[in-house]
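*Asks:* Just need the structure, nothing else, for what follows:
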Amino acid sequence: MSDTTPVIPDPHTCEQARRSRDPRFDGLFFTAVLSTRIYCRPVCPAPMAKRVEYFASAAACEAAGYRPCLRCRPELSPADGAWRRGDAVVARALKLIDQGALDEAPLADLARRVDIGERQLRRLFVDRLGVAPIGVHGTRRLLFAKQLLTETALPITQVALAAGFGSLRRFNTAFRDAYRMAPRDLRRQRIDVPGESLVLRLGYRPPYDFGAMLDFLRGRALPGVECVDADSYARVFPTGDEGGGAGWLRVSHWPQKPGRETEHALRLELHGAAPARMLDIVGRLRRMFDLDADPRAIGEALSEDPRLRPLMLQRPGLRVPSGWDGFEIAVRAIIGQQISVAGARTLATRLSQRFGEPLAAPLAPGLDHLFPTPRALADVDLTTIGLTRARAATVRTMARALLDGQVDFQPERTLEDFTERWVALPGIGPWTAHYIALRALGHPDAFPADDLVLQRAVPNDGSRMSARALTARSQAWRPWRAYSVIQLWRDSMPAPRPAPVARAA
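*Replies:* Modelled structure (predicted):
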C-alpha cells in the first residue's frame with residue numbers, strides 16, 4: 001500500500017454512509033458535530049446533525065477539540081486496517097505504536113525503526129491521519145481506558161495501568177484534559193462480574209464469517225493449549241509474571257439485542273490477565289481474528305479476477321486467521337511442511353504436551369498447559385515425538401535464531417525483509433516463510449506460491465500452475481494476496497457429507 005492512498009472516502013460517500021449508518025464504513029472515518037463538539041462513528045444511532053465535518057481518525061478528532069460520543073462509543077469501532085497492514089511506512093509505524101513503541105521511547109526511535117526521518121514521519125501522519133504519531137498514541141490509550149471504565153468493574157488504578165499510564169495522577173490529568181470529565185464521572189453502576197473474569201467487546205466491520213474462522217482454527221487446535229467448539233475459541237496464555245503463571249480467554253460472538261442489530265463485535269472473556277497486559281492481549285486478538293480488515297476494499301480488489309470473483313461473492317466475510325504467538329505458528333509451520341493438516345496437528349500436539357509447561361490444575365475444561373518457549377525447544381531431541389531428524393533440527397535452529405535475534409516478528413519488517421531473514425535459516429523455504437508471515441503476522445500480502453493446493457486451485461481445471469506462474473498471476477491481487485489464499489484454500493476443501501436420511505422400514 002502506498003502512503004499516498006486517500007485517507008478517507010470522498011465527502012459524498014461519507015455523507016451517504018453516515019445517513020444510512022452503513023457499518024462497512026465503521027472506523028474508516030469519523031463524523032464531528034460542529035454544534036456539540038462531539039465526534040461519532042458512522043453508525044451512531046443519534047439524530048442526524050446538520051453541520052458536520054469528517055476526520056480520518058479518532059486521534060484527529062480529539063486533536064481538533066472534539067470529545068467521543070457516549071452513545072456510539074468510538075472506542076468500539078474497528079481500526080482502519082488499511083493503515084495498520086502492509087508495508088507502507090505509516091502502516092508499520094502504526095503497528096509499532098499499537099505494540100507500545102511510544103510508551104517510553106521517543107518519536108526518534110520510532111522513526112529509526114521504520115527507516116525514515118522524525119520530521120518526515122510526523123508529516124506523513126499529519127497528511128494521512130490528520131494528527132502526529134504522539135496524538136495517535138495518546139488517543140489509543142485514552143479510548144481503551146474509556147472502554148474499560150464503561151464495560152468493566154476494574155478499579156480506576158488498574159484501568160490506568162491497563163491503558164499504559166505510569167501513574168493514576170497522570171491518567172486522571174490526561175483523561176480530564178481530553179474529555180473534560182474525571183474518570184470516576186464516566187464510571188457507571190456495574191453488575192458484579194463473577195470471579196476474576198472481564199468481558200470486552202471487539203468490534204469489526206461486516207461481513208465477518210466467524211464460523212469459517214472457527215472452522216480453520218478448530219482443525220489446527222492443540223489440545224490442552226486451545227479449545228474450539230461450535231461457538232467459541234479458548235486458550236491459555238502466560239501472564240508474564242516473574243513467578244510464572246497463566247491465564248485464559250474465550251472469544252465468541254457478541255449476542256445481538258433487539259434494537260442494536262448494528263452492533264458488530266466479538267465477545268472477549270478474560271481470566272487472570274494482569275492489567276498491564278490487557279492492551280497487548282486485545283491487540284493480539286484483533287490481529288488473530290483479523291478484526292480491522294476492510295472487506296469492502298478487499299472485495300473490490302480481488303473481484304477483478306474471474307477466478308476469485310465468485311468466491312468473493314459467495315464468502316465476502318472470510319478473514320485471514322492469524323495466531324496467538326509467532327513462535328508457536330513458526331513451529332507448527334515447520335512441522336507441517338509437506339504433510340497434511342491432521343498429521344501436523346498430531347505432531348504439534350505431541351510436542352506441546354511433551355515440552356510445554358503443565359499447569360497445576362486446568363484453568364478451564366481442556367486447558368491444562370502452555371505451549372513451549374523457544375528456550376525449551378532449543379536443545380531437546382524432537383525425534384522422540386516422531387519428527388524426522390531434518391525437521392527436528394530445523395525447529396531447534398529456528399528456536400536458537402529467535403533467541404539470538406537472527407529472526408523475529410517485529411512489525412517494522414517489510415514482507416520482503418521478513419521472508420529473506422527466515423529463508424536464510426536452514427530448512428526454511430519460501431513456502432514456510434510466507435506461511436509464517438500470513439499466520440504469525442497476519443500480513444495481508446503474504447503468498448505461499450509453492451503451496452500445492454493453491455497451484456491446483458487457481459486454474460481449477462485439474463491442471464497445476466508453477467510457483468513462478470502463480471506468483472505472476474497474483475501480482476494483480478496485491479496488496480491483498482493473503483485473502484486470496486484463504487478464499488482458495490476454503491474453496492478447495494471437500495464439501496461436507498450430507499447427513500444420512502432415515503428411511504421407513
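*Asks:* these two touch, right, residue 454 and residue 485?
*Replies:* Yes: counting by C-beta atoms under 8 Å, residue 454 touches residue 485, with 6.6 Å between them. The way it works is simple: take the backbone N, C-alpha and C, and place the C-beta from them, glycine included.
*Asks:* Overlap of the contact sets of these two?
*Replies:* Residues touching both residue 454 and residue 485 (C-beta atoms under 8 Å, 6 or more residues apart in numbering): residue 448.
*Asks:* Longest helix in this protein, by number of residues?
*Replies:* helix 133-151 (DSSP state H).
*Asks:* could you give the mean pLDDT of that one?
*Replies:* Averaging pLDDT along helix 133-151 gives 95.
*Asks:* cool, and stretch 491-505?
*Replies:* Averaged across stretch 491-505, the pLDDT comes to 57.
*Asks:* and if you look at stretch 10-18?
*Replies:* Mean predicted lDDT for stretch 10-18 stands at 95.
*Asks:* circling back: what packs against whichever helix or strand comes after the longest helix of the chain?
*Replies:* As assigned by DSSP states H and E, the chain's next helix or strand after helix 133-151 is helix 156-162. Contact here means 3 or more C-beta pairs under 8 Å, 6 or more residues apart in numbering; DSSP states H and E; on that basis helix 156-162 packs against helix 133-151, helix 168-179, helix 183-186.
*Asks:* How about residues contacting helix 156-162?
*Replies:* Here helix 156-162 makes contact (C-beta under 8 Å, 6+ apart) with 144-145, 148-149, 152, 154, 167-168, 170-172, 183-184, 187, 275-276, 278-279.
*Asks:* What is the burial count for residue 171?
*Replies:* Using other C-beta atoms under 10 Å, residue 171 is surrounded by 22 other residues.
*Asks:* Find me the pLDDT at it, would you?
*Replies:* Residue 171 is given a pLDDT of 96.
*Asks:* Check residue 119 too.
*Replies:* On pLDDT, residue 119 comes in at 97.
*Asks:* mind listing what the residue most central in space within the chain touches?
*Replies:* In the chain, the C-alpha closest to the average C-alpha coordinate belongs to residue 287, at a distance of 0.8 Å (C-alpha atoms, centre = their mean). Counting by C-beta under 8 Å, 6+ apart, residue 287 makes contact with 322, 441-442.
*Asks:* Neighbour count added to these, as CSV?
*Replies:* As requested, the contacts of residue 287 are exported to CSV (neighbours: other C-beta atoms under 10 Å):
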residue, neighbour count
322, 21
441, 24
442, 25
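*Asks:* wait, which of these is closest to residue 339?
*Replies:* Proximity of the contacts of residue 287 to residue 339 (C-beta to C-beta) peaks at residue 322, which lies at 21.6 Å.
*Asks:* residue contacts, that closest one?
*Replies:* Here residue 322 is in contact with 287-290, 329, 438-442 (C-beta under 8 Å, 6+ apart).
*Asks:* so what's it closest to, chain neighbours aside?
*Replies:* Leaving out its chain neighbours, the residue that sits closest to residue 322 by C-beta to C-beta, 6 or more residues apart in numbering is residue 442, at 3.8 Å.
*Asks:* With residue 52 instead?
*Replies:* residue 31 is the one closest to residue 52 (C-beta to C-beta, 6+ apart), at 5.1 Å.
*Asks:* hang on, that neighbour in a strand?
*Replies:* Yes: using DSSP: H, G, I helix; E, B strand; the rest coil, the assignment for residue 31 is a strand.
*Asks:* can you tell me which residues contact it?
*Replies:* By C-beta under 8 Å, 6+ apart, the neighbours of residue 31 are 14, 18, 39-42, 44, 49, 52-54.
*Asks:* So which of those sit within strands?
*Replies:* 39-40, 52-54 (DSSP state E).
*Asks:* Kindly supply the PyMOL command isolating those of those that are buried.
*Replies:* Listed next is the PyMOL selection for buried residues among the ones in strands among the contacts of residue 31, using 16 or more other C-beta atoms under 10 Å:
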select buried, resi 39+40+52+54
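*Asks:* Which members of the ones in strands among the contacts of residue 31 are the farthest-apart pair?
*Replies:* 40 and 53 (11.7 Å).
*Asks:* Identify the contacts common to these two.
*Replies:* Joint contacts of residue 40 and residue 53 (C-beta under 8 Å, 6+ apart) are 31-32.
*Asks:* pretty sure residue 199 is in a strand, no?
*Replies:* Yes: under three-state DSSP, residue 199 falls within a strand.
*Asks:* show me what contacts it?
*Replies:* The contact partners of residue 199, taken as C-beta under 8 Å, 6+ apart, are 151-152, 193, 267-270.
*Asks:* and the least confident of the residues you listed?
*Replies:* Least confident by pLDDT among these: that is residue 193, with 44.
*Asks:* For the stretch 251-400 of the chain, which segments are assigned as strands?
*Replies:* Taking DSSP state E, counting those that start in this stretch as the criterion, the stretch 251-400 of the chain carries its strands at 265-271, 357-358, 369-370.
*Asks:* if I look at residue 372, how far off is residue 305?
*Replies:* 41 Å (C-beta to C-beta, to the nearest Å).
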